[in-house]
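Asks: Could you look at this predicted model? Sequence included:
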Amino acid sequence: MSAAPLPPDDFADALAPLQLRAMREDDVDAVMAIEVRAYPFPWTAGIFRDCLRAAYPSWLLVRGEVIIGYGIISIAAGEGHILNICIDPLEHGRGHGRRLLRSLVQVARMHRAERIFLEVRPSNPRAIGLYFAEGFNEIGRRPRYYPANMGREDAIVMAMELLPDA
């Protein structure tokens, strides 16, 4: 009997534990590949680079060398604002979005933010459900905020109060 062949290198990545690490300029192309798979109206590479230049906390969820998702948050004047949070559509349904969201909330807490905001499309019920489950509440709407196939789509504005020592 011959020995089984060794698995390809990407098999090892698939078994690697998930980790968070800071996004770097050289990650933007890989992030963009996920962004265009995930959204019909994706951010541009320039927007990601601008966020990095502005030193917004920008985090990647990675397995081995493979980027699974990313999140960017701005923090100022005691408030955090999640600008973008995305999990590769090939990885949906595995709890990665929850893990990344919780990590961004922790980043806001570490920067002493008292509340955190985000916008979400009404047409994204999975994300809305996650945000509600994690303690966000709807506080308003931004009319015609997002581009859409038939014009514009409103944004649901959500917020969560960050209690000290929570």
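Replies: Perfect, thanks for sending it.

Asks: Just say helix, strand or coil for residue 109.
Replies: Assigned by DSSP: H, G, I helix; E, B strand; the rest coil, the conformation of residue 109 is helix.

Asks: where's it relative to residue 162, distance?
Replies: According to C-beta to C-beta, to the nearest Å, residue 109 and residue 162 sit 6 Å apart. To be clear about C-beta, it is placed using only N, CA and C from the backbone, and glycine gets the same treatment.

Asks: do the same with residue 18
Replies: As judged by C-beta to C-beta, residue 18 and residue 162 stand 24 Å apart.

Asks: Which one's more surrounded, these two?
Replies: A direct count of neighbours by other C-beta atoms under 10 Å for residue 18 and residue 162 places residue 162 higher, at 20 against 17.

Asks: residues in contact with that one?
Replies: By C-beta atoms under 8 Å, 6 or more residues apart in numbering, residue 162 lies in contact with 80, 105, 108-109, 113-116.

Asks: could you redo the last one with a cut-off of 6 Å?
Replies: Contact analysis of residue 162 by C-beta atoms under 6 Å, 6 or more residues apart in numbering lists 109, 113-115.

Asks: Residue 104 now?
Replies: Neighbours of residue 104 in contact, by C-beta under 6 Å, 6+ apart: 71, 73, 82.

Asks: Residue 34 too?
Replies: residue 88.

Asks: How about the helix or strand hosting it, which residues are buried there?
Replies: Element membership for residue 34, per DSSP states H and E: helix 28-38. Neighbour counts over helix 28-38 (16 or more other C-beta atoms under 10 Å) mark 28, 30-32, 34-35, 38 as buried.

Asks: What ranges does this protein have for its helices?
Replies: Assigned by DSSP state H, the chain shows helices spanning 9-15, 28-38, 45-53, 96-110, 125-133.

Asks: Can you give me the distance of the residue nearest to the spatial centre of the chain to residue 149?
Replies: Centroid check for the chain by C-alpha atoms, centre = their mean gives residue 85 as the closest residue, at 1.8 Å. From residue 85 over to residue 149 the distance is 22 Å, taken as C-beta to C-beta.

Asks: one step back: what about the contacts of residue 162, which one has the most neighbours?
Replies: Ranking the contacts of residue 162 using other C-beta under 10 Å puts residue 113 first, with 21 neighbours.

Asks: Could you list the low-pLDDT ranges of this protein?
Replies: Across the chain, the ranges flagged by pLDDT under 70 are 1-15, 165-166.

Asks: if you set the cut-off to 50 instead, what comes out?
Replies: 1-8, 10-12 (pLDDT under 50).

Asks: Show the contacting residues for residue 71.
Replies: By C-beta under 6 Å, 6+ apart, residue 71 lies in contact with 59, 85, 100, 104.
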